[in-house]
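How does the following fold in three dimensions:
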Amino acid sequence: MSDELKKVEIYTDGACSGNPGPGGWGTIIRYKQHERELSGGEAGTTNNRMELTAVIEGLNALKESCDVTIYTDSQYVANGINNGWAVQWRKNGWRKPDKKPALNPELWEKLLNALSRHKYTVVWVKGHDGHEYNERCDKLAVAESKKYEGQITES
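Predicted coordinates for the structure are as follows:
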């Protein structure tokens, strides 16, 4: 990757009403003065799955390798990447150090694959603390989760 990578910011958030329950995710991609909002949801999911999906969808929306700064209020996501947990879990057959299965391995795999195309930094931000883009992502995620309220899911 050259030093000429586009500098992109991705802000993400996930929401879930009940855990598991109806959930949503929101992502804002910023490049120079351009912004793009993405969002989606599922009827039966968890908050962590929505947090991971928000980052994956943001990265997958990029059409080329970029220098990406990802902002998340999810310590699960931030620590999973920054502390090398996800890489270690994958190396150990998706098992944690205590030999218990790591949760959401298929999403962590997608995230690691998406990250591999980019130079990246993951920044944890405190949620619901007035951060403009985190608040906007939260609104997107909550709006998506509401679309699935009252739906019955197979477990």
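
so where is this structure shaky, pLDDT-wise?
Scanning the chain for pLDDT under 70 picks out the ranges 1-3, 152-155.

Mind jotting down where the strands sit in it?
Counting by DSSP state E, residue ranges of the strands within the chain are 6-16, 21-31, 34-45, 66-72, 119-124.

Out of the ones you listed, which is closest to residue 90?
When the strands of the chain are compared by C-beta to C-beta, strand 119-124 sits nearest residue 90, at 16.6 Å. All C-beta atoms are positioned from the backbone trio N, CA, C, and that covers glycine.

Next, name the residue at the spatial heart of the chain.
The structure's the chain has its C-alpha centroid closest to residue 55; by C-alpha atoms, centre = their mean the separation is 2.8 Å.

Setting aside sequence neighbours, what's the nearest residue to that one?
Once its chain neighbours are removed from consideration, residue 55 has its nearest residue in residue 12; the separation is 5.0 Å (C-beta to C-beta, 6 or more residues apart in numbering).

I'd guessed residue 61 sits against residue 39; true?
No - with contact taken as C-beta atoms under 8 Å, residue 61 and residue 39 are classed as non-touching, separated by 11.6 Å.
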